[in-house]
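Peer 1: what shape does this take:
(chains A and B, ligands or ions: 3)
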Amino acid sequence: MPHKQKVLYIDYSTCIGCETCEYVCRFVHDTPRIHMMRTASGVMAPLYCRHCENPNCAKVCKRGAIVRDKSGAMILQPQLCRGCETRQCLLACPYAAMFETDTGVMLSKCDLCAGRRQIGLSPACAEMCPCGAIHFIAREDIAKIETDKSREAFERVMGHLRPGKGKEE
Amino acid sequence: MNAMNFNFLCGDPPPASARSVGIIGAGPSGLAAAGYLSCLGYLVEVYDKLPKAGGLMLFGIPGHRIPKERVEAGVRRMARKYGVVFHPRTKICCSAPLHDEEGDHFCSDVRGLGDLVKKHDAIIICTGSWRSRRLGIPGENLPGVMAGLEFLFPIRAAGYAGPGIKAPDVAGKTVAVIGAGHSAVDVVHSALFLGAAKVHLLYRRTRHEAPCGSYEIDRLEAAGAAWHESVTPLRFTGEDRVTGVEIREKTLGEPGPDGKRCALPDSEHVTVIEADLVVTAIGETATPPFAKELGLENVRKGEVRWLHMTDIENLFVAGDALTGPSKIGKAVYSGLRAARSLANWLDLKDQDRLADYPYDDLVAREADRFPGGRLHR
Ligand SMILES: Cc1cc2nc3c(=O)[nH]c(=O)nc-3n(C[C@H](O)[C@H](O)[C@H](O)COP(=O)(O)OP(=O)(O)OC[C@H]3O[C@@H](n4cnc5c(N)ncnc54)[C@H](O)[C@@H]3O)c2cc1C
Ligand code: SF4
Ligand code: SF4
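Peer 2: Numbers count the residues shown, from 1 in each chain, chains lettered A, B, ... in the order given. Ligands and ions are numbered 1, 2, ... in the order given. Model prediction:
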């Protein structure tokens, strides 16, 4: 793994839920890999892949279809994926960042815009977010830009993802 | 702050092509389209009636939610690096008399759509959705009754336009806001921020049905606003100036077996909420130039020859002008797709291959995937 591995970090306290990230991702990849969560109380927040250091998705996949590329992104290889019905990877992800689709292996996940990175471009969502809420940033630098507000907003979002575990409304 | 990168699809600008495209309206849909086409090397010219590009991202949505520097930097980058030409303060005429919509008083130049059609190979109309919907109840024309954008627009515009434009004077006053969408929320926040003594928010249904979501309502209450639900505005009171809103109020009972909540018997009554200023924020409707001539109804329904193309061959349309009020993300997507459609069309036209292209199939597939812009609002 390279020294400074860059990942996405979304500051939920500055995100306004405008859906630009999801729609730009849809334009670039046809099937979006970043999705808006909308709770009953109307909170909207994009769910996205953290390209975890210890990725649960890859751990549970028996076919080894989710692998790390040379810059550190966790990539789903559709040729190896069987699209198994148990959807272990999808259930295992703590951030709800794997998505069911209606095409191909019926799963999609973020690859940090692998094709774009190859030609020197950054992930499209981060480029177009009107609020600058999406950072494409070295993992170890995330702590430097976190704020009390961003941590609080993160807990709020996670509370919706893991009812019971996180803080409830 | 980094630029919002409308040119996210390319790195360095490509060699210039001979094509020229005009874009009317510099909101998120127009800017996204301009980014796409300038990444193809087209000469892109963007016309907007306002002094600055950004559309509602700059002139509608309050500044604490969208940092204007980021939008401005993206526009500057597009102009300097990719050669996009911006024509601010230029209104393309006209679906309505001038000075009819918010922002018209900024224009120093008015051009006909016909001139543009002659000048460019193709045009995309991205004029958004600005005409405020009205309640249609007595007293709506009284001074002191205003629409959501009428209230919000000058707050943002005051910073750009200098004298003549002033933020609404609400300090120490009581403001009543009708509606529960994004605009209503923004009006309440802005009124509180500008020092209103009391802000009432009135909605005809309950917080659980509010388009902005109950979480936003909780936040508004925490910020000091008074929330009134299940109220119907009947008329605005006052002689030569509004003094309040007369409303019918009711209390809902517990949900019945069908999950519906009915009004408790005898709970209905009529009262007046007093206010020095009433803002109706119940939504906007699209006002593109020449809506009828362009056959926009058909474009909305997907009955078109070419994606996003209007009845006039080289005129395309995108964003809220096409879908009605939506959100930034959908407007961006719509602008990108209109731009791609336009480029494909110009390519095939140049090769004289338009006839053998299966439009119908294309349109049907796309219509499935993107059914209109009214979701979530
Ligand atoms: C108060 C308010 C709050 C909102 N909050 C949010 C939010 O939190 N999140 C979200 O995602 N969305 C929000 N929206 C919606 C969002 O702003 C719009 O959906 C989006 O801006 C639409 O983009 P657009 O490019 O289609 O049009 P617009 O942004 O409306 O831009 C249209 C542009 O065209 C120009 N124009 C119009 N007519 C002419 C003409 N004849 N000649 C020349 N120029 C012309 C206008 O000056 C304007 O710059 C909000 C809207 C409002 C009103
Ligand atoms: S584009 Fe940015 S502000 Fe909009 S939903 Fe995505 S992260 Fe939030
Ligand atoms: S899909 Fe989930 S578990 Fe896998 S790397 Fe992304 S965030 Fe981590």
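Peer 1: every contact and neighbour count from this point should use C-alpha atoms.
Peer 2: Will do.
Peer 1: for chain A, just list every one of the strands.
Peer 2: Under the criterion DSSP state E, chain A contains strands at A:6-10, A:35-38, A:44-47, A:66-68, A:74-76, A:98-100, A:107-109, A:134-138.
Peer 1: possible to save those as a markdown table with mean pLDDT and distance to ligand 2?
Peer 2: Compiled in a markdown table, the strands of chain A are given as follows (pLDDT from 0 to 100; distance: least, C-alpha to the nearest ligand atom, whole Å):
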| stretch | mean pLDDT | distance to ligand 2 |
| --- | --- | --- |
| strand A:6-10 | 97 | 6 |
| strand A:35-38 | 93 | 7 |
| strand A:44-47 | 95 | 6 |
| strand A:66-68 | 95 | 24 |
| strand A:74-76 | 95 | 20 |
| strand A:98-100 | 89 | 17 |
| strand A:107-109 | 90 | 16 |
| strand A:134-138 | 97 | 5 |
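Peer 1: tabulate the ones you listed (a markdown table), appending mean neighbour count.
Peer 2: Listed next are the strands of chain A as a markdown table, based on neighbours: other C-alpha atoms under 10 Å in any protein chain shown:
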| stretch | mean neighbour count |
| --- | --- |
| strand A:6-10 | 21 |
| strand A:35-38 | 18 |
| strand A:44-47 | 21 |
| strand A:66-68 | 19 |
| strand A:74-76 | 22 |
| strand A:98-100 | 20 |
| strand A:107-109 | 22 |
| strand A:134-138 | 18 |
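Peer 1: looking at those, which is nearest to ligand 1?
Peer 2: Of all these, it is strand A:44-47 that lies closest to ligand 1, at 10.2 Å by C-alpha to the nearest ligand atom.
Peer 1: how about the residues of chain A by ligand 2?
Peer 2: Residues of chain A lying close to ligand 2 (C-alpha under 6 Å from any ligand atom) are A:15-21, A:46, A:129-131, A:133-134.
Peer 1: weed out the non-buried ones from those.
Peer 2: Buried residues within the residues of chain A next to ligand 2, counting neighbours by 16 or more other C-alpha atoms under 10 Å in any protein chain shown: A:15-21, A:46, A:129-131, A:133-134.
Peer 1: pLDDT below threshold where in the chain?
Peer 2: As the question left the chain open, I've gone with chain A. A:1-3, A:163-169 (pLDDT under 70).
Peer 1: wait, chain B
Peer 2: Across chain B (using pLDDT under 70), the flagged ranges come out as B:94-109, B:160-164, B:286-306, B:356-377.
Peer 1: which stretches in it count as helices?
Peer 2: For chain B, applying DSSP state H gives helices covering B:28-38, B:56-59, B:68-82, B:113-119, B:148-161, B:182-193, B:214-222, B:296-301, B:320-323, B:328-350, B:359-369.
Peer 1: just to revisit the earlier point, out of the strands of chain A, the one nearest B:His200 is which?
Peer 2: Minimum separation from B:His200 across these (C-alpha to C-alpha) falls at strand A:44-47, 24.8 Å.
Peer 1: Provide the strand pairings for the closest one, with the direction of each partner.
Peer 2: In the sheet, strand A:44-47 lines up against strand A:35-38 (antiparallel) (DSSP bridges).
Peer 1: returning to what we had before: for ligand 1, tell me which of the residues of chain A next to ligand 2 show up nearby.
Peer 2: Restricting these to those near ligand 1 - C-alpha under 6 Å from any ligand atom - leaves A:Ile16, A:Cys18.
Peer 1: distance from the chain centre to the longest helix seen in chain A, please.
Peer 2: Ranked by residue count under DSSP H, the longest helix found in chain A is helix A:148-161. On the basis of C-alpha atoms, centre = their mean, to the nearest Å, helix A:148-161 sits 15 Å off its chain's mean C-alpha point.
Peer 1: name the residues of it that are buried.
Peer 2: Buried residues in helix A:148-161, counted by 16+ other C-alpha under 10 Å: A:Ser150, A:Ala153, A:Phe154, A:Glu155, A:Arg156, A:Val157, A:Met158, A:Gly159, A:His160, A:Leu161.
Peer 1: kindly report the same for stretch B:57-76.
Peer 2: Using 16+ other C-alpha under 10 Å as the test for burial, stretch B:57-76 gives B:57-62, B:66-76.
Peer 1: could you tell me which residues of the stretch 151-300 of chain B lie near chain A?
Peer 2: Applying C-alpha under 8 Å from any C-alpha of the partner chain, we find that the stretch 151-300 of chain B lies next to chain A at B:His208, B:Pro211, B:Cys212, B:Gly213, B:Ser214, B:Tyr215, B:Glu216.
Peer 1: Produce a ChimeraX select command limited to the buried residues of those.
Peer 2: Buried residues among these (16+ other C-alpha under 10 Å), as a ChimeraX selection:
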select /B:211,212,213,214,215,216
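Peer 1: closest to B:Val317 among the residues of the stretch 151-300 of chain B next to chain A?
Peer 2: Of all these, B:Val317 sits closest to B:Pro211, with 26.4 Å by C-alpha to C-alpha.
Peer 1: got the residues of the stretch 151-300 of chain B near ligand 2?
Peer 2: Within reach of ligand 2 by C-alpha under 6 Å from any ligand atom, the stretch 151-300 of chain B has no residues at all.
Peer 1: pick out the residue of chain B closest to ligand 2.
Peer 2: For chain B, C-alpha to the nearest ligand atom, closest residue to ligand 2: B:Gly329, 7.1 Å.
Peer 1: per the record, what domains does chain B have?
Peer 2: Using automatic domain parsing, the domain ranges for chain B come out as B:20-131+B:284-369, B:138-280.
Peer 1: adding distance to ligand 1, write the ones you listed out as JSON lines.
Peer 2: Shown next, in JSON lines, are the domains of chain B (distance: least, C-alpha to the nearest ligand atom, whole Å):
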{"stretch": "domain B:20-131+B:284-369", "distance to ligand 1": "3"}
{"stretch": "domain B:138-280", "distance to ligand 1": "4"}
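Peer 1: which of those sits most buried?
Peer 2: Most buried of these by mean neighbour count (mean count of other C-alpha atoms under 10 Å in any protein chain shown) is domain B:20-131+B:284-369; its value is a mean of 20.
Peer 1: OK, contacts around A:Thr20?
Peer 2: A:Cys125, A:Met128, A:Cys129, A:Pro130, B:Ile328, B:Gly329, B:Lys330, B:Val332, B:Tyr333 (C-alpha atoms under 8 Å, 6 or more residues apart in numbering or on different chains).
Peer 1: once you drop chain neighbours, what's closest to B:Gly172?
Peer 2: B:Ala197 (4.4 Å; C-alpha to C-alpha, 6 or more residues apart in numbering or on different chains).
Peer 1: so what's that neighbour up against?
Peer 2: B:Ala197 touches B:Ala171, B:Gly172, B:Lys173, B:Thr174, counting by C-alpha under 8 Å, 6+ apart.
Peer 1: and the helices in chain A?
Peer 2: Going by DSSP H, chain A shows helices at A:20-29, A:56-60, A:88-92, A:114-118, A:124-128, A:142-145, A:148-161.
Peer 1: turn those into a markdown table, including distance to ligand 3.
Peer 2: Converted to a markdown table, the helices of chain A look like this (distance: least, C-alpha to the nearest ligand atom, whole Å):
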| stretch | distance to ligand 3 |
| --- | --- |
| helix A:20-29 | 16 |
| helix A:56-60 | 4 |
| helix A:88-92 | 7 |
| helix A:114-118 | 14 |
| helix A:124-128 | 16 |
| helix A:142-145 | 15 |
| helix A:148-161 | 13 |
